[in-house]
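based on what follows, work out the 3D shape:
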Amino acid sequence: MQAALGLFAERGYEATTIEEIAHQAGVAVGGFYQHFASKQQLLLMLMDGLLDGVADLSQQCTPQDNLQEVRSAIERVVRQGLLIDRAYAGAYRAWREAAALHETLRTLHTQIEQWTALQIEQMLHVLLQTPGARQDVDVPALAGIVSVLFWRLADVPLREADAIVTTMTAMLYHTIFCDTTT
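Numbers count the residues shown, from 1 in each chain. Take a look at the predicted model:
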């Protein structure tokens, strides 16, 4: 699976062959087929791993007692989300390419995007339980925006991950909470 992630990130889905994946992994092609029926099945398993990471991430968001803890929690979740994005960048590149070519994957892609936005929406609802949270936040719209940002960040090389974490943390914090310093 690691070999496929690297090759998919470098070459994409269509340009990566099962033979190359097996060679990179140090196994015979038959060894590949002992674990996977096809390259598409391997891709589905990689995407399943990415989605497991997103689900685990959404479980980390818990109500906090004060705004400083909330800001730290937001930063932790954003940083972990970017780590998940980076770990599965090859899978996401291959997924987008395969989804553009196959109708069944295109339908699944839409469902995945909706599920991801729902996971983010649930995290936002948890944050909105904190004293000081704005009551007028359009949670579904914000969740959709954040979801698009994370999917896009999975698709581009990150040169300044700390700056992105800081910026996204500030954006989310100031969108959800009233600024108490003014």
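
how many neighbours does Gln40 have?
Residues lying near Gln40 (other CB atoms under 10 Å) number 15. (C-beta placed from N, C-alpha, C; glycine too.)

contacting residues for it?
Listed by CB atoms under 8 Å, 6 or more residues apart in numbering, the contact set of Gln40 reads 98, 102, 105.

any chance of these in TSV, with pLDDT too?
Below are these laid out as TSV (pLDDT from 0 to 100):
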residue	pLDDT
Ala98	95
His102	92
Leu105	93
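
I figured Leu46 hits Ala91, correct?
Yes: in this structure, Leu46 is within contact of Ala91 by CB atoms under 8 Å, at 3.8 Å.

list residues touching both of those two?
Here Leu46 and Ala91 have 4-5, 8 as joint contacts, going by CB under 8 Å, 6+ apart.

so which elements touch the worst-scoring helix or strand of the chain on mean pLDDT?
Least confident helix or strand, the chain: helix 67-87 with a mean of 89, by mean pLDDT, DSSP states H and E. If you count contacts as 3 or more CB pairs under 8 Å, 6 or more residues apart in numbering; DSSP states H and E, helix 67-87 packs onto helix 39-59, helix 103-127, helix 139-153, helix 161-176.

any idea of the angle the third one forms with helix 103-127?
The one in question is helix 139-153. 120 degrees (axes from the mean of the first three to the mean of the last three CA atoms, to 10 degrees).

buried residues, helix 139-153. List them.
Neighbour counts over helix 139-153 (16 or more other CB atoms under 10 Å) mark 139, 142-147, 149-151, 153 as buried.

likewise for the longest one?
Using 16+ other CB under 10 Å as the burial criterion, the residues of helix 103-127 that qualify are 105, 108-109, 112, 116-117, 119-121, 123-124, 126-127.

spit out the contact partners of Ala89.
Per CB under 8 Å, 6+ apart, neighbours of Ala89: 5, 9, 154-155.

need the contact partners of the helix or strand in which His23 is found.
Taking DSSP states H and E as the criterion, His23 maps to helix 18-25. Residues outside helix 18-25 that contact it (CB under 8 Å, 6+ apart): 2-4, 6-7, 28-29, 31-32, 39, 42.
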